Each structure stands twice: as C-alpha cells, then as structure tokens.
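Novice: A structural model of the following input is requested.
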Amino acid sequence: MQDARLHRPCGAPRAALYGADEREALPAQPVAASLGCGNPTAVAELRAGERVLDLGSGGGIDVLLSARRVGPTGKAYGLDMTEEMLAPALANAARAGATNVEFLKGTIEAIPLPARTVDVVISNCVINLSVDKAAVFAEAFRVLRPGGRLGVSDDTLSPGQRAERGDYVDCIAGALSFAEYRAGLDAAGFTDVEITPTHPVADGLFSAVVRAAKPATTGPSRP
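Specialist: Numbers count the residues shown, from 1 in each chain. This next block holds a predicted model:
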C-alpha cells in the first residue's frame, strides 16, 4: 500500500473539516498537514479512558485530537508506514506536549498490535488507498476489544460510478461502493454497519462516515 499522505491527489489540506476549537488547541504544523476527508475523532465519539488507533495517521492531527478526547487515562496510537510521516508526527506530538500517544511503523493490512488492544479504530480517507481492504477490515476487527467500534471517514463510490473507477487514480480509483464497503465489514465480523455520505468529492464520489461495531461476544475464529 502506498503511503496515504504522500500520494493523495485529492489530498489538499482539509483543516476546515475540524472545529475552530480543535484547530486552536493544536500546534499549526499538524493542522496544516491534514489531508483527510473528514473528522473521524468526532465520528467515533471518543470517551475518556479509551484506547484508540488511527490507521494511516500521517502528520498526526487525528491522533493528537484523539489523545485530548480520551484524556490521561486513555491512549492514542497512530500507525503509518514511512519514516517520512512518522518523524513529523512525533515532532508534532512533542510540540503539543502529548504524553498519551504512541506512533507505530507498519501497514494497515498487518497492524503491529496484539488482538483486543483498542476500544476504537479510526481512519481518515486512508482505507480507500489499500489494495487489500479485506485484510484492513480483518485487522481492524482483530485489534478491537469485544464491544469496540470502528468510526472512519473515507471515500465511497455511488453505484453508477463503480464501473468507471478506472477513469480515476489513487484515492478515487480505490474507493469502494457503499454496498462493497458494507459487505467487506460484514465479512470481517462487524455489525451495526452505517455508511452515511457527507459531501461530494467528484462525479459519483462521496466522502462518507462509516460506523460499525465488534460484537461484545465473538466466536473462536475471530479473536
């Protein structure tokens, strides 16, 4: 998988997607580096004391906002695959004085955390970049604790544009249709899947809020 924040053609800075209070609470660097399509920290409705994992954390804005939301008794992990992204993310965490964050090097298809580690998985327009989305969904399910939840912002295609995805590149070409996204999450074991389009990005392409839950009790084949 390509690094999400270095290869997003539709990844112009999207700081306006965050509230003024959120932007003002952070150093300028992570806010300026935001290339997502939504605000997954709000989507996931984070609570104090929770452990949260951001898939494709980039410059770290969502990790830092998550760390503020979960507070000192919680923890926020950020996962990215290149030193070029991890280095500024670590610097941004230091600037923000965040002590309850940890950045990990790895891919979202093979998350370097044990099973049942986090309460919440978030992501900001990164899953659509993966060439193996089934692995991403399975890994997100694996690292979630029973009763945990998924709350992401991502790009999705309308059914009419699904067959024409080859006309686009990178983040648009990788987008799933609403039905494909739901089917992928269902296959991984998620329940209560909700996909809500938020705003158009291109003809037939929408940014969307995706929510799902890991059942409080799971069978032996799904840790």
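
Novice: Show me which strand runs longest in this structure.
Specialist: In the chain, taking DSSP state E as the definition, the longest strand is strand 144-157.

Novice: buried residues in that one?
Specialist: L144, R145, G148, R149, L150, G151, V152, S153, D154, D155, T156, L157 (16 or more other Cβ atoms under 10 Å). Backbone N, C-alpha and C define where each C-beta goes, glycine included.

Novice: Likewise for stretch 70-77?
Specialist: Neighbour count says stretch 70-77 has V70, G74, K75, A76, Y77 buried, by 16+ other Cβ under 10 Å.

Novice: Next: stretch 206-217.
Specialist: Buried, per 16+ other Cβ under 10 Å, within stretch 206-217: F206, S207, A208, V209, V210, R211, A212, A213, K214.

Novice: And the strands in the chain?
Specialist: Under DSSP E, the chain gives strands at 51-55, 75-80, 101-105, 118-124, 144-157, 176-177, 191-202, 205-213.

Novice: Looking at these, which is nearest to A44?
Specialist: strand 144-157 (3.1 Å; Cβ to Cβ).

Novice: who's the residue sitting nearest the centre point of the chain bridged to?
Specialist: Nearest to the geometric centre of the chain sits S123, at 0.4 Å (Cα atoms, centre = their mean). Applying DSSP bridges to S123 yields these beta-bridge partners: L55, V152.

Novice: contacting residues around it?
Specialist: By Cβ atoms under 8 Å, 6 or more residues apart in numbering, S123 lies in contact with P40, D54, L55, G56, I108, V152, S153, D154.

Novice: what do you get if the cut-off is 10 Å, keeping everything else the same?
Specialist: By Cβ atoms under 10 Å, 6 or more residues apart in numbering, the residues touching S123 are 4, 36, 38, 40, 43-44, 53-57, 62, 79, 108, 130, 136, 140, 150-154, 210.
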